[in-house]
Each structure stands twice: as C-alpha cells, then as structure tokens.
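Chemist: Give the three-dimensional model of this entry:
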Amino acid sequence: MPPSRSGDDRSVFTAADSAIAAARDRLIALSHSIHAEPELAFEEFRSVEKTMEPLREHGFRIEKGVAELPTAFTAEYGHGDLVVGLCAEYDALPEIGHACGHNIIAASAVGAALGLAAVADACGITVKVLGTPAEESGGGKVLMLERGVFDDCAMAMMVHPGPEDIAGAHSLALADLSVVFHGRESHASAAPEYGRNALDALTIAQVALGLLRQHLLPGQQLHGIVGSGGVAPNIVPGHAELLYYLRAVNSADLEDLMRRASACFEAGALATGCTHEIRKLAPTYTELTPDSALLCAYREQIVELGREPIAPELEAQRPLGSTDMGNVTNVIPGIHPVIGIDAGGAVTHQPAFAAAAVNASADEAVIDGATALARTAIQLSGDQLHRDRLSERVSQRQFQRQEDIR
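Modeler: The predicted structure is shown next:
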C-alpha cells in the first residue's frame with residue numbers, strides 16, 4: 001500500500017515540479033536534438049538513444065527492443081503497485097520532419113517521468129516510460145499493446161502539440177491502405193488492344209471515390225495519393241497503386257466506409273479488365289476514448305499552470321486526425337491531450353509547424369506538458385477510489401490475457 005496521503009498533497013506536487021524544473025535545460029535540449037535529426041517510422045534509432053539517455057542517467061531500468069520492435073523500449077523506476085505509463089513518440093514525417101512535433105512528445109514524457117521518479121515512493125507508483133515507434137505510419141503502440149507491453153499499466157498518458165490547448169482531444173479511426181491494380185503491358189500505339197491499363201483502373205476508382213464523398217456520413221473521410229502509375233507514355237501501365245487513408249468517427253463507421261470504398265476499387269478493376277488487391281499497411285487505429293477521471297485531473301492541472309484549453313463542448317469540433325493512442329485508450333485508462341504552441345497560424349503536417357516545434361513556446365510546452373502529466377498521475381494515485389478502480393482494471397486485463405493464452 002502507498003503511504004497515506006491526499007491526492008492534492010501540495011508537497012508531492014512541489015517535489016515533482018522541482019525535479020522537472022531542475023531538468024529543464026536537459027529536456028529542451030532533448031526536444032531540439034530529436035527535431036534536428038528526424039527519422040521515419042521504425043527507423044528512429046538515434047532518437048531512441050537520445051530519449052533513453054536521461055532516463056538511464058536517473059537510474060531507470062531500461063529494456064530495448066521490446067515487442068520485437070528494434071526502436072521500442074521501456075524504462076521503469078520505482079516499485080510501487082500502481083504502474084503509471086508515459087508514452088514517448090519520436091518518429092517524423094517524410095520530407096517535412098517533425099511537423100507533428102513528436103520531439104515535444106518525447107521530451108515531455110521524459111520530463112514527466114523524472115518528476116514522478118522523485119515522488120515514486122511517496123505515491124506508491126512505478127513509473128514506466130514506453131518508447132513507442134511509428135505513430136505516423138505503422139502503429140507501434142498497437143503492436144506493443146497486442147504483445148503485452150502495456151499489460152501492467154494502470155494508466156497511459158502523453159501530450160501532443162498543436163495550435164491550441166485541447167484537454168479532451170478527439171481523433172478518428174483510421175485504415176491505412178495500399179490498393180494495387182494489375183493489368184497487362186503492351187505498346188500504347190502499335191498494339192493497345194493487347195493491353196489492360198492498370199492506371200485507367202486506378203483513375204476510375206478515384207472518380208468513384210470522389211462521387212462517393214457526397215454520400216459519406218459526418219466524420220467519414222477518404223484521401224490518398226498515387227503511389228505508382230506506369231513507367232513510360234508508350235507502355236500501357238500493367239501496374240498501378242493507390243495509397244489511401246480511410247477515417248471515421250468510430251470503428252463501426254470506419255467498417256462501413258471500408259465496405260463502400262472497396263466497391264469503388266473493385267469498380268475500377270472490373271471496368272478495365274484488370275485485377276486488384278487491397279492490403280492494410282498498418283494496424284487499424286481506433287478513436288480516442290479518454291478516461292474521464294484522468295481527463296478531469298489533467299484539465300485542472302493544465303489550467304493551474306496558466307493555460308486555457310478550449311471549452312469541452314468545442315472539443316469534438318477539433319478532431320486531430322488519427323493516432324494509435326486511440327487503441328491504447330480503448331483498453332487502458334488514458335489521455336492524449338493537445339498542448340498548444342505558437343505556430344503562427346500553421347497547423348500540424350505543415351513545414352511551418354515543424355519550424356515552430358523548437359521555438360520558445362514549444363519549449364514551454366515541453367515543461368508544462370511534463371508538469372501537467374506528472375501532477376495528473378500524482379492526483380489520481382492519491383485518490384483511493386480511483387486507485388482501486390485503476391488497479392482492478394489491470395487485474396481484469398491480465399486475467400483476460402491468461403485466458404487468451406489458454
């Protein structure tokens with residue numbers, strides 16, 4: 001049992017705050033260093049080492065390559081019965097680098113961990129940083145979740161930068177697809193009748209998808225690019241590929257959209273005498289379902305730090321895209337708030353946002369995010385009702401995994 005204390009014991013908050021403040025320069029340097037060397041999904045080897053280094057120096061027990069993923073890790077401190085999970089992301093986007101600000105996510109997770117390590121005994125907790133690769137494409141958290149890395153976590157938390165503060169952030173369920181059309185090459189002038197044009201199949205599918213948009217449910221989205229579409233104008237393309245994201249407000253609506261979009265892909269193949277195949281490039285992302293108690297505690301703490309998150313009734317109007325943290329929050333009590341930075345009007349996935357991810361406001365977001373996460377964990381761990389609830393969820397989850405193994 002943890003030492004008896006109140007969930008709003010100011011001395012514990014102060015100790016955690018002080019530990020984070022003492023590490024301020026190191027945390028900001030970590031954020032800037034990750035930002036300076038962006039790495040893509042499952043290739044974040046330098047970023048992983050940078051993220052682990054301050055944790056190793058503070059005595060965290062580190063395990064690399066967890067869940068059979070070379071750029072995933074865990075780092076633990078303390079021996080309390082309540083395990084607080086903090087998710088660090090560090091992958092970047094092709095060409096535009098950290099335009100989603102994952103450098104801030106990693107540094108704030110490390111900062112929160114250092115703050116909680118300073119009060120781990122007083123709170124009766126084990127601090128667990130989960131280094132989660134490939135959020136942008138690949139679903140690292142989904143793989144880690146399926147392989148048991150989150151099983152002992154009573155809660156899982158992180159903060160994500162954005163243009164404004166959103167405590168109860170919403171996300172969309174996501175399917176990441178490759179659709180390949182197979183035709184038959186031929187000379188486009190001398191013998192076009194022998195060809196079957198895979199690019200034409202792709203074009204018809206694109207037109208069908210465009211017409212489908214007028215009949216989509218609210219929140220359903222589809223958008224994509226042409227991955228390949230031929231090699232020369234005088235060769236009938238025998239191979240073409242679409243890369244598409246399908247999104248929806250929940251998993252049921254995503255399944256409906258998948259069925260309707262699949263008909264469009266099939267139509268392109270049927271009309272041109274081609275064949276096609278649909279392949280999921282990553283695990284399906286589910287929508288965020290934040291834990292209400294964690295969310296209320298985080299909102300309270302971020303407001304106390306002087307920030308003004310948007311009103312709860314407006315949160316659903318600001319979906320932040322999709323994240324594999326949604327899958328985590330569907331299984332484990334968790335939160336994924338957005339912490340605001342001054343991006344000069346830019347939004348995520350724009351080059352200007354990447355530039356803003358290391359400005360002065362981004363540095364403050366690292367510290368405020370770390371502090372708010374640490375305080376949230378302290379507040380919930382000191383509330384016996386919620387502590388018991390969170391512990392019971394862990395027991396139920398671990399029992400179910402044993403049943404699944406049997």
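
Chemist: quick one: residue 128 from residue 146, how far?
Modeler: Here residue 128 is placed at a distance of 18 Å from residue 146 (C-beta to C-beta, to the nearest Å). In short, each C-beta sits where N, CA and C put it, glycine included.

Chemist: I meant to write residue 353 there.
Modeler: The value you get for residue 353 to residue 146, if C-beta to C-beta is used, is 31 Å.

Chemist: Ok, residue 396 next?
Modeler: Distance from residue 396 to residue 146, by C-beta to C-beta: 17 Å.

Chemist: For the chain, which segments count as helices?
Modeler: Using DSSP state H, the helices found in the chain span residues 10-22, 24-36, 45-57, 102-117, 120-123, 140-146, 198-212, 251-272, 292-304, 325-329, 351-356, 360-381, 384-405.

Chemist: sorry, back to before: which of residue 353 and residue 146 has more residues huddled nearby?
Modeler: residue 353 (25 against 14; other C-beta atoms under 10 Å).

Chemist: how close does the more buried one sit to residue 367?
Modeler: 19 Å.

Chemist: What is the burial count for residue 263?
Modeler: Residue 263: 13 surrounding residues under other C-beta under 10 Å.

Chemist: Quick check, pLDDT for the nearest residue to it once chain neighbours are set aside.
Modeler: Closest residue in space to residue 263, ignoring its immediate chain neighbours: residue 208 at 7.8 Å, by C-beta to C-beta, 6 or more residues apart in numbering. Model confidence at residue 208, given as pLDDT, is 98.

Chemist: contacting residues for residue 208?
Modeler: Contact analysis of residue 208 by C-beta atoms under 8 Å, 6 or more residues apart in numbering lists 263-264, 267-268.

Chemist: next one: residue 285
Modeler: Taking C-beta under 8 Å, 6+ apart, one finds 139, 142, 171, 173-174, 322-324, 326-327 in contact with residue 285.

Chemist: Among the residues you listed, which one is most surrounded by other residues?
Modeler: Highest neighbour count within the contacts of residue 285, by other C-beta under 10 Å: residue 324, with 28 neighbours.

Chemist: measure that residue to residue 171 for me?
Modeler: On the measure of C-beta to C-beta, residue 324 and residue 171 end up 10 Å apart.

Chemist: Same question for residue 268.
Modeler: 30 Å.

Chemist: What of residue 391?
Modeler: 27 Å.

Chemist: Over to residue 335?
Modeler: 12 Å.

Chemist: Residue 190 now?
Modeler: Counting by C-beta to C-beta - residue 190 and residue 171 are separated by 52 Å.

Chemist: Apart from its neighbours in sequence, what residue is nearest the most centrally placed residue in the chain?
Modeler: Most central in the chain under C-alpha atoms, centre = their mean is residue 323, positioned 3.8 Å from the mean C-alpha point. Excluding the flanking residues, the one nearest residue 323 by C-beta to C-beta, 6+ apart is residue 171, at 5.1 Å.

Chemist: show me what contacts that neighbour?
Modeler: By C-beta under 8 Å, 6+ apart, the neighbours of residue 171 are 285, 287-288, 319-323, 325-326, 336.

Chemist: Residue 341 now?
Modeler: 101, 104, 161-163, 356-357, 359, 361-362, 365.

Chemist: change it to 6 Å
Modeler: 161, 356, 361-362, 365 (C-beta atoms under 6 Å, 6 or more residues apart in numbering).

Chemist: Can you tell me which of the residues you listed is nearest residue 74?
Modeler: Closest approach between those and residue 74, by C-beta to C-beta: residue 161, at 23.6 Å.
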